[in-house]
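S.K.: Sequence and predicted structure, then a few things I'm wondering about:
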Amino acid sequence: MTEHLVDPQAPRDLKAFIAGLPKAELHVHHVGSASPRIVSELAARHPDSKVPTDPAALVDYFTFTDFAHFIDVYLSVVDLIRTPEDVRLLTYEVARDLARQQVRYAELTITPFSSTRRGIDERAFMDAIEDARKAAEAEFGTVLRWCFDIPGEAGLEAAEETTRLATDDRLRPEGLVSFGLGGPEVGVPRPQFKPYFDRAIAAGLHSVPHAGETTGPETVWDALTHLRAERIGHGTSSAQDPKLLAHLAEHRIPLEVCPTSNIATRAVRTLDEHPIKEFVKAGVVVTINSDDPPMFGTDLENEYTVAARLLDLDERGLADLAKNAVEVSFLDEAGKAGIKGEIDTYTAGWLDR
Ligand SMILES: Nc1ncnc2c1ncn2[C@@H]1O[C@H](CCC(=O)c2cccc(C(=O)O)c2)[C@@H](O)[C@H]1O
Ligand SMILES: [Zn+2]
């Protein structure tokens, strides 16, 4: 776990502002959000797992040599989730961690294929996430929505299964709003997933694939052209293509930026080399997200702290960033207005102190 990435230099006051700021999280993975506490609890349930339970050992375990190594480790945590009760526990506890950070709304990326292929009954899986979603909203006040993603490297069988689970009226959970594509990009061309995205979009889901995280800007173009992406997960390499930046800005296609993730998976060398500033300069809408926070030694608060430094933002700038995420989320208009109002009230109160 890359604890050194947590920025110790950030002004304490700004950190306190961020901690209390109502936020929306648009790019965070379900399994990738399992905190050391959740991992320990799941590992105790399934003692044959190779995932260490001791938080100190987890720090080493969650230090990645490259993106492929990250995916290997990620899949070992996926292997800890074996029953509908594990799914429910994970989902509910993730919501608790989000609520603690004043996250009012989150779109959680879930990979149902990984669970159904490991033998979890599909109906029980859907019931578990929905049960946790309703409990989290009632008990923590955090609204959860789902993005079902295709694990691209698992091929077209995974694409078919994910699409079926996302579009079958008898299975499709009420909280499902979008359809994604994750995992490695190298050797996994985006265009092959077009028929699956076409079906998901026809069923009313929004298109939010990962692209340009570990390959070049052509992958982002592919996601726009073939998968009709409405937002892009990461899109980091877009910075290499001025025409692409202009296109993203003109069509208001937001990038879901996850700065610490990009360093932890070694997609970007250092935070100072992260292209977020170029995105903003080009007029691209950016949102700040945490991706797989415990695995990357971060959380959403820390990502806002990093963004404040990289973009040189004060409280108003941070509030605008938080409002961007609400604005480009798939929440209904009344829900958006509610959270944006909360952000404005909180910020005005803070600046009036
Ligand atoms: N930064 C990230 N960038 C991209 N993706 C990320 C990131 N963080 C987390 N993910 C997740 O990793 C999954 C990968 C799963 C995968 O590749 C795979 C391959 C073969 C078999 C199986 C299986 O389950 O049997 C799974 C993705 O679906 C995505 O949800
Ligand atoms: Zn991601």
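M.R.: Structure's in. What do you need? Ligands and ions are numbered 1, 2, ... in the order given.

S.K.: Now Arg232: phi and psi?
M.R.: One correction, residue 232 is Ile, not Arg. Geometry field for Ile232 lists phi and psi as phi -120, psi 130, criterion degrees, to the nearest 10.

S.K.: what's the spacing between it and Gly182?
M.R.: Summarising the geometry, the distance separating Ile232 from Gly182, computed by CB to CB, to the nearest Å, is 12 Å. Heads up, the C-betas are built off the backbone N, CA and C, glycines and all.

S.K.: Let me see the contact set for Phe193.
M.R.: For Phe193, the set of contacting residues under the criterion of CB atoms under 8 Å, 6 or more residues apart in numbering consists of 150, 152, 159, 181, 209, 226-227.

S.K.: Spell out the residue ranges of the strands in the stretch 51-200 of the chain.
M.R.: In the stretch 51-200 of the chain, the segments counted as strands under DSSP state E, counting those that start in this stretch are 103-110, 143-151, 176-182.

S.K.: Could you dump these into a markdown table and include mean pLDDT, distance to ligand 1 and mean neighbour count?
M.R.: Compiled in a markdown table, those are given as follows (pLDDT from 0 to 100; distance: least, CB to the nearest ligand atom, whole Å; neighbours: other CB atoms under 10 Å):
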| stretch | mean pLDDT | distance to ligand 1 | mean neighbour count |
| --- | --- | --- | --- |
| strand 103-110 | 98 | 5 | 26 |
| strand 143-151 | 98 | 3 | 25 |
| strand 176-182 | 99 | 3 | 25 |
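
S.K.: With distance to Val306 added, can I get those in CSV?
M.R.: Written out in CSV, the entries for the strands of the stretch 51-200 of the chain read as follows (distance: least, CB to CB, whole Å):
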stretch, distance to Val306
strand 103-110, 17
strand 143-151, 23
strand 176-182, 22
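
S.K.: Residue ranges in this protein under the pLDDT threshold?
M.R.: For the chain, the stretches flagged by pLDDT under 70 are 1-10.

S.K.: Which residues of it lie near ligand 1?
M.R.: With the criterion set to CB under 6 Å from any ligand atom, the chain comes near ligand 1 through 29, 32, 71, 74-75, 78, 109, 111, 114, 117, 149, 151, 153-154, 182-183, 210, 213, 261, 265, 291-292.

S.K.: What subset of those is buried?
M.R.: Neighbour counting with 16 or more other CB atoms under 10 Å marks 29, 32, 71, 74, 78, 109, 111, 114, 149, 151, 154, 182-183, 210, 213, 261, 265, 291-292 as buried within those.
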